[in-house]
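Participant: Give me the fold of what follows.
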Amino acid sequence: MTLFFAAVATHGLRTVLITLVPAHRLPAVLRRGLPHLAPAALAGLIVTALVGHAGPLALVVPGPTHLALAAAGLVAWRFRNPALPVLAAVAVAIVVEVLS
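Facilitator: Here you go, the predicted model:
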């Protein structure tokens, strides 16, 4: 039930901010930072996925997540398509899971 209310609150907040405060009405300083918001959020998610409960040492000890992220990085660099790296990472993660 808590998750449901959190989802409703998040969706409501997003809707209100998008409709009441469109990007063109934001101050110039905030507008310049908007293109960096998605990569920063994605980087936070990636680091959280890598570290997990293992702590900072998980960043330097290679594991299946590192392999999936490396595959995603190579596919992103080669094809410049936002969907293909995700598919590559999922495919590598599935193969590693099946083989282990």
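
Participant: Tell me, how many residues neighbour residue 86?
Facilitator: By the measure other Cβ atoms under 10 Å, the count of residues near residue 86 is 13. From N, CA and C alone the C-beta is placed, and that goes for glycine too.

Participant: mind checking which helix or strand it is in?
Facilitator: Here residue 86, judged by DSSP states H and E, is contained in helix 83-99.

Participant: What are the contacting residues of that helix?
Facilitator: Outside helix 83-99, the residues that touch it by Cβ atoms under 8 Å, 6 or more residues apart in numbering are 64-65, 67-69, 71-76.

Participant: Quick check: buried residues in the helix or strand harbouring residue 71?
Facilitator: In this assignment (DSSP H and E), residue 71 forms part of helix 64-79. By neighbour count on 16 or more other Cβ atoms under 10 Å, the buried set for helix 64-79 is 65, 68-69, 71-72, 75-76.

Participant: relative to helix 83-99, how tilted is it?
Facilitator: Angle of helix 64-79 versus helix 83-99, following axes from the mean of the first three to the mean of the last three Cα atoms, to 10 degrees, is 150 degrees.

Participant: tell me which strands and helices helix 64-79 is in contact with?
Facilitator: Secondary-structure packing of helix 64-79 (3 or more Cβ pairs under 8 Å, 6 or more residues apart in numbering; DSSP states H and E): helix 37-51, helix 83-99.

Participant: So what touches that helix?
Facilitator: By Cβ under 8 Å, 6+ apart, the list of residues contacting helix 64-79 from outside reads 46, 49-50, 82, 84-93, 96-97, 100.

Participant: one more time with 7 Å
Facilitator: 46, 49-50, 84-86, 88-89, 92-93, 96 (Cβ atoms under 7 Å, 6 or more residues apart in numbering).
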